[in-house]
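K.L.:
Could you work out the structure for the sequence below:
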Amino acid sequence: MSLARGKFGVEYNPRQLEREPSGFGWVVAVIALALFVLVCWTLVRRIRAHQQEAELINAERPVEIPDNPAEHGVAPADQESQTSLTFQTFQPLNAELRHRPPKVRNLLMRLEEAERRRDVEMAVTTIETLRDLPGSPVADLDDSLARRLGALNVRRLFDLRNAQWVKAETVGRGDTASRIASESGSTFASLARLNGGKGKVEKIVVGQKLFVMNHPRFNLVLHRRTHTADLSLNGKFFKRYDLQGTVKAREGSYEMPEKRRDFWSGIGTCFKPEDRLEIDTLLPKGTPILVSEM
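P.N.:
Okay, the predicted model is just below:
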């Protein structure tokens with residue numbers, strides 16, 4: 001209320017005296033808002049740091065796609081569209097992860113991210129990078145990584161039909177599936193599996209598109225000491241298999257024959273049935289096979 005001297009003495013003045021705002025209230029509000037933002041930002045950083053530390057300690061689940069061989073080694077016809085893969089747990093020594101070099105730690109976390117995103121190509125390149133690191137800093141994980149890479153490669157070949165290995169061939173007049181596979185340096189079994197089964201390629205017609213391996217260069221090395229067999233494709237590691245029992249063949253080079261029914265027993269080598277079926281599907285006649293003492 002405002003009072004002022006008037007004609008009849010001190011009277012009430014309904015008009016308030018105008019006061020200019022001091023601006024102090026706005027300063028206080030800005031400072032409070034800044035402090036609130038700072039506190040929130042600090043909390044978010046601490047939560048993220050805690051999550052990252054937990055991931056480092058419990059880093060698991062990078063990509064493990066198990067083999068899923070269909071009957072007679074033939075994939076279903078509609079598997080081309082199956083780009084969503086099944087991953088299993090991969091545990092890179094969780095308790096020791098924090099003690100590995102930063103580059104290895106980052107690559108293992110990238111592998112975990114590839115699993116989370118179900119990114120096959122990212123997983124493959126990450127594993128290959130890990131295995132090629134100088135000084136072998138992941139030697140204790142190499143066997144697990146090799147088997148992981150092998151499962152991925154088989155899926156990339158038969159389900160995803162990776163362009164670096166597979167091409168599309170148009171059936172011409174007088175062509176047969178066996179002839180197309182032979183001229184492409186492959187096997188009829190692999191051509192059948194790439195195209196949905198034996199029944200899908202037994203009766204082909206002119207103009208039909210077939211998927212076939214593009215002159216693959218396979219090489220199989222049998223390791224006596226570790227009882228494993230490493231398969232390479234075009235000079236790069238493709239997959240690792242387990243051998244059942246001791247390799248009785250002498251150290252040296254052999255070739256995959258046309259008729260292979262008694263070949264493996266003849267050189268004293270035994271695979272799991274599913275592995276032998278896959279190897280016979282992949283390897284054409286003349287594939288080099290090396291028996292090594294290592």
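K.L.:
and the spatially closest residue to Phe211 that is not a sequence neighbour, backbone torsions?
P.N.:
Closest residue in space to Phe211, ignoring its immediate chain neighbours: Leu194 at 4.2 Å, by C-beta to C-beta, 6 or more residues apart in numbering. In this view, the C-beta of every residue, glycine as well, is placed from N, C-alpha and C. Backbone geometry at Leu194, expressed as degrees, to the nearest 10, gives phi -70, psi -20.
K.L.:
Quickly note the distance from the closest residue to Ile204 other than its chain neighbours to Asp262.
P.N.:
Distances taken as C-beta to C-beta, 6+ apart place Val171 nearest to Ile204, at 4.9 Å, with adjacent residues excluded. Val171 sits 34 Å away from Asp262, taking C-beta to C-beta, to the nearest Å as the criterion.
K.L.:
Neighbour count: those two, which is higher?
P.N.:
Ranked by neighbour count (other C-beta atoms under 10 Å), Val171 and Asp262 place Val171 first, with 18 against 9.
K.L.:
Quick check: next helix or strand after the host helix or strand of Trp264?
P.N.:
With elements taken from DSSP states H and E, the one containing Trp264 is helix 263-266. Of the helices and strands lying after helix 263-266 in sequence (DSSP H and E), the nearest is helix 273-282.
K.L.:
so what does that next one touch, helix or strand wise?
P.N.:
In terms of contact count using 3 or more C-beta pairs under 8 Å, 6 or more residues apart in numbering; DSSP states H and E, helix 273-282 is assigned the packing partners helix 188-194, strand 236-242.
K.L.:
Can you list the neighbours in contact with the very next helix or strand once past that helix?
P.N.:
Scanning forward in sequence from helix 273-282 by DSSP H and E, the next helix or strand is strand 288-292. Contacts made with strand 288-292 from outside it, assessed by C-beta atoms under 8 Å, 6 or more residues apart in numbering, are listed as 219-224, 247, 249-256, 267.
K.L.:
now do 10 Å
P.N.:
With contacts defined as C-beta atoms under 10 Å, 6 or more residues apart in numbering, strand 288-292 is touched by 217-226, 229-232, 247-256, 263-264, 267-269, 279, 283.
K.L.:
mean confidence score for the helix or strand hosting Phe36?
P.N.:
According to DSSP H and E, Phe36 maps onto helix 24-57. Averaging pLDDT along helix 24-57 yields 70.
K.L.:
just to revisit the earlier point, quick one: which of the helices and strands packed on helix 273-282 is nearest Leu141?
P.N.:
When the helices and strands packed on helix 273-282 are ranked by distance to Leu141, counting by C-beta to C-beta, first place goes to strand 236-242 at 13.4 Å.
K.L.:
what distance separates that closest one from the middle of the whole chain?
P.N.:
What separates the centre of strand 236-242 from the centre of its chain is 15 Å, taken as C-alpha atoms, centre = their mean, to the nearest Å.
K.L.:
and that strand, what other elements does it pack with?
P.N.:
With contacts defined as 3 or more C-beta pairs under 10 Å, 6 or more residues apart in numbering; DSSP states H and E, strand 236-242 has these neighbours: helix 120-131, helix 142-158, strand 218-223, strand 228-233, helix 273-282.
K.L.:
Tell me which of the helices and strands packed on helix 273-282 is the most buried.
P.N.:
Per residue and on average, the most neighbours among the helices and strands packed on helix 273-282 fall to helix 188-194, with a mean of 24 (mean count of other C-beta atoms under 10 Å).
K.L.:
Which is the succeeding secondary structure element to that one?
P.N.:
helix 198-201.
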